[in-house]
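J.: below: sequence and its predicted model.
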Amino acid sequence: MEQQDAQTKKNSLFVGIDLGTSSSAIVDSNRKKHWVESYIGWPKDFIAAKVLRKSVLFGSEALKNRLSLDIFRPLEHGVLKEGSSKEAESVKELIRHLISLIKPEKDVPIYAVVGVPAESFKVNKKAIISAVADHVTSVIVVSEPFAVAYAMDLLNNAMIIDIGAGTVDFCIMHGTLPTEDDQRTILTAGDYIDNQLFKLLTEKYPNSTFNVNMVRLFKEQNSFVGNAKGQVKVQIPVAGKLVEHEISDEIRRACETIIPPMVEVISEMIAKFDPEFQSLIRSNIVLAGGGSQIRGLGEALKTVLKDFGPIQVKTVDDPMFAGAAGAMKLAQEMPSQYWEKLTV
Amino acid sequence: MLSGWTTQRIKNRMLQDIYEDNMRLIGLGKKKIRPKTRRGFFLKTVVLFLALFSFSVYKNQHLGDYHTLPALPLTRYMTIQPQNNLPAPPQKIPLAANPETANGNYSEYQPFLSQDDFSLRTIFGLKVRTIVIDPGHGGEDPGTTGHFGTQEKDITLDVAKRLQQRLSRYAGYHILLTRNEDVTLSLDARIDFANNFNADLFVSIHVNNIPNKPYSIIETYYFGPNADRNVLSLAEKENSGAQYSMNDFRTMVQKIGNTLKYQEAKILARSIQDSLFDNIHRDNDNIYNYGVKTAPFIVLLGVDMPSVLTEVTCLSNLEEEKKLNSELYREDIARYMEEGIIQYLQIKNNPDKSEV
């Protein structure tokens, strides 16, 4: 039986997909991995289609040509917008694109585990399964923080905090598959920081010309909380001319806005947990997702939460691929008999 | 640190749970590979059915019909004005299983509670006929007050009346309010009201207050333990005014062993919470979903039927307070709560719109 299982697995391709609000990643069992920004754009009209020479564009390419495109970010705010067929269509396209990036061999069965933001996992599981099903042999959907926990074997007494663009997902692992009660989602995430930073920069530099996309880039390249390591300076046009702007304080203030709600949820979730095991959870907090790359965030959380007792906050080694790697590991370890029964 | 064997055991169980969860999603939920669990589940279902049946016989024999219930102490209820000409609630299988009769131990029926998409009410075809809506606070107890002086008691009463009107459009339901004017009403009076009218559902409406927060939240509670200080403090606030003795309280706590009540309350809470949040959040990015939670609210513990307490929004938020002063917004809140309740009841027929 085990031999047969091994043989079936040898002839199959297992993929883990992290379907994120901001970026999506894929990892396969042949160790290929790719990521793309979660933007999908369709040319607005035939002129745009002729100029762009593509029927659909993805990621940074879509963003770059956004003025000529109907552009979508399918899991904005962590969920598929209800009633929008274009949203579901864009998830489908995104999955198709991600799978094309790993160039699977023809006729090889593909077994996919897709990690999605926890909120989407609750609300749109079925919609996501049907969006993915066209491109793979069989699909399983799990919540993103759970995929990260699985990748790191943090299955018991740990808290995973996945800081994405649309949502921050909290998940307590206690030796069983997390239920809704073990998971919380808040919306003060990456996009929220972008909006705060945009407001702060608009107040400080009313004559400068910038948009939220530029602000997002400033954040991605310079985000930090706590003490600054030198000044953060960026080039922003003023009356058409590039001028250097000092934005350290604004970056810090914008990034720090996500800390209070995070602290509130962390302390609330830990307080609800069995008191005997609360200290174990506190010593096993893991930050994942793009937001975990904010410099000093782990230390800041430790400082604020120190009143609750000793605390350890780690950051995953590879935030971009941790979720997809966990999903892939899950796909590989899922018994073949389960995969067979899930194939419809 | 877990041993390799323990980790593998946990993983195997998780993989099986993920598989079963996804099987249910694609409509193949019956293909479970866990015969022992199914058998256990079936046995528990049979046991619970027998327990419910015994209790219904017991109650019919001992309590008689509605008219033989002890008269309500008028002085205590003179402020309560239920619907005029309200027909007597018919006899029914109670939604609440008696722990003594049913031997209903909370942990014993835990498997039922962990089944998110499984409703005992649906399985046994239990009907909901009487819904009690409880506008929080009132009279001398204003509840929380907003920056501009808006009082929680007025908002809850207005939303409750609107919700009552909306739900009354559906045939076959008695929709009652614990209070329909600005009067002081103790928590035990609210509880007695719902219990004496043999209500099938109890929905308490409140408005939250989270000072120093630039956003608003929506959250829905059903009764259960909660160690969080914030929630306990909220419970302390909402429980103020209860006039129960310790002995009364002990009797009430015994009611915890009531699987059906809590399971249905959880499903109802989720339905109301989802509807409120999904709809309000569509037009307001500054409102957060604090989800469905358990909390030791006395008003939820004391009533015999599935009961929830919804904090529909926050008066501490200036923008939200302004909006709450608009009739349109209060009607919206009532509409979204209606949607949640209706989804829970799985009503398929449309109400007669002409009555609205």
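T.: Nice, thanks for sending it over.

J.: from now on I want contacts and neighbour counts done on CA atoms only, so please keep to that.
T.: Will do.

J.: which pLDDT value goes with residue 201?
T.: Since no chain was named, I'll use chain A. If you check residue A:201, the pLDDT there is 94.

J.: I was thinking of chain B, sorry if that wasn't clear
T.: Residue-level confidence at residue B:201 comes out at 92, pLDDT.

J.: my read: it touches residue B:173, true?
T.: No - checked against Cα atoms under 8 Å, the pair residue B:201 and residue B:173 is beyond contact range at 10.9 Å.

J.: report the set of residues contacting both of these two.
T.: Residues touching both residue B:201 and residue B:173 (Cα atoms under 8 Å, 6 or more residues apart in numbering or on different chains) are B:128, B:130, B:131.

J.: buried sites along stretch B:185-204?
T.: B:185-204 (16 or more other Cα atoms under 10 Å in any protein chain shown).

J.: got it, and stretch A:232-247?
T.: A:232, A:236, A:245, A:247.

J.: same check on stretch A:112-129?
T.: For stretch A:112-129, a neighbour-count test (16+ other Cα under 10 Å) marks A:112-121, A:124-129 as buried.

J.: contacts for that stretch?
T.: Residues contacting stretch A:112-129 (Cα under 8 Å, 6+ apart): A:14-21, A:75, A:78-80, A:88, A:91, A:136-145, A:147, A:167, A:169, A:180, A:183-185, A:323-324, A:327-328, A:330-331, B:25-26.

J.: one step back: just the buried residues of stretch A:232-247 now: which is nearest chain B?
T.: residue A:247 (23.6 Å; Cα to the nearest Cα).

J.: confidence score at the closest one?
T.: 94.

J.: picking up where we left off before, in strands, which of the buried residues of stretch A:112-129 fall?
T.: Counting by DSSP state E, the part of these found in strands is A:112, A:113, A:114, A:115, A:116.

J.: for those residues, give me CSV that also has distance to residue A:37 and pLDDT.
T.: What follows is these, written out as CSV (distance: Cα to Cα, whole Å; pLDDT from 0 to 100):
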residue, distance to residue A:37, pLDDT
A:112, 20, 93
A:113, 19, 94
A:114, 16, 91
A:115, 16, 88
A:116, 15, 83
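
J.: would you turn the residues you listed into CSV with distance to residue B:159?
T.: Below are those laid out as CSV (distance: Cα to Cα, whole Å):
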residue, distance to residue B:159
A:112, 47
A:113, 44
A:114, 41
A:115, 39
A:116, 36
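
J.: for chain B, give me the ranges with low pLDDT.
T.: When residues are selected by pLDDT under 70, those of chain B lie in B:1-3, B:25-126, B:224-260, B:347-356.

J.: and residue A:100, how many neighbours?
T.: The number of residues packed around residue A:100, counting by other Cα atoms under 10 Å in any protein chain shown, is 11.

J.: do the same with the one 4 residues further on
T.: Around residue A:104 there are 14 other residues, counting by other Cα under 10 Å.

J.: so what's the closest residue to it other than its chain neighbours up against?
T.: Leaving aside its chain neighbours, residue A:104 sits nearest to residue A:13 (7.7 Å; criterion: Cα to Cα, 6 or more residues apart in numbering or on different chains). Residue A:13 makes contact with A:28, A:29, A:30, A:104, A:108, A:109, A:110, A:111, according to Cα under 8 Å, 6+ apart.

J.: torsion angles phi and psi at residue A:13?
T.: Per-residue torsions, residue A:13: phi -110, psi 130 (degrees, to the nearest 10).

J.: which ones are touching the residue in the stretch 101-250 of chain A positioned nearest to chain B?
T.: Chain B sits closest to residue A:177 of the stretch 101-250 of chain A, with a gap of 5.3 Å, by Cα to the nearest Cα. Under the criterion of Cα under 8 Å, 6+ apart, the neighbours of residue A:177 are B:14, B:17, B:18.

J.: my read is that the first one contacts residue A:178, right?
T.: So the one you mean is residue B:14. No - look at residue B:14 against residue A:178 with Cα under 8 Å: they stay out of range, at 9.1 Å.

J.: need phi/psi at residue A:236.
T.: Main-chain torsions, residue A:236, degrees, to the nearest 10: phi -130, psi 140.

J.: just give the nearest non-adjacent residue to residue B:321, would you?
T.: Spatial nearest neighbour of residue B:321, chain neighbours left out: residue B:315 (5.2 Å); criterion: Cα to Cα, 6+ apart.

J.: swap in residue A:252?
T.: Leaving aside its chain neighbours, residue A:252 sits nearest to residue A:225 (5.1 Å; criterion: Cα to Cα, 6+ apart).

J.: what comes into contact with the helix or strand hosting residue A:324?
T.: Assigning secondary structure by DSSP states H and E places residue A:324 in helix A:322-333. For helix A:322-333, the external contacting residues (Cα under 8 Å, 6+ apart) are A:9, A:14-18, A:25-29, A:111-115, A:142, A:144-145, A:147-152, A:288-289, A:316, B:15.

J.: name the helices or strands packed onto whichever helix or strand comes after it?
T.: Moving toward the C-terminus from helix A:322-333, the next helix or strand (DSSP H and E) is helix A:336-342. Under the contact criterion of 3 or more Cα pairs under 8 Å, 6 or more residues apart in numbering or on different chains; DSSP states H and E, helix A:336-342 touches helix A:2-10, strand A:138-143, helix B:4-25.

J.: same thing but 6 Å
T.: Packed against helix A:336-342, as judged by 3 or more Cα pairs under 6 Å, 6 or more residues apart in numbering or on different chains; DSSP states H and E, are no other helices or strands.

J.: buried ones in that helix?
T.: For helix A:336-342, burial by neighbour count (16+ other Cα under 10 Å) applies to A:336, A:338, A:339, A:342.

J.: quick one: the third one from residue A:29, how far?
T.: It stands for residue A:339. 16 Å (Cα to Cα, to the nearest Å).

J.: and if you look at the last one?
T.: As judged by Cα to Cα, residue A:342 and residue A:29 stand 19 Å apart.

J.: for chain A, what's its nearest residue on the stretch 251-356 of chain B.
T.: Counting by Cα to the nearest Cα, the stretch 251-356 of chain B gets nearest chain A through residue B:288, at 6.8 Å.

J.: which ones are touching that residue?
T.: Listed by Cα atoms under 6 Å, 6 or more residues apart in numbering or on different chains, the contact set of residue B:288 reads residue B:217.

J.: repeat that for residue A:147.
T.: Counted by Cα under 6 Å, 6+ apart, residue A:147 has contacts A:323, A:326, A:327.

J.: the residue nearest to it when sequence neighbours are not counted: how many residues sit nearby?
T.: If the residues on either side of it in the chain are set aside, residue A:147 comes closest to residue A:326, at 4.7 Å by Cα to Cα, 6+ apart. By the criterion of other Cα under 10 Å, residue A:326 has 29 neighbours.
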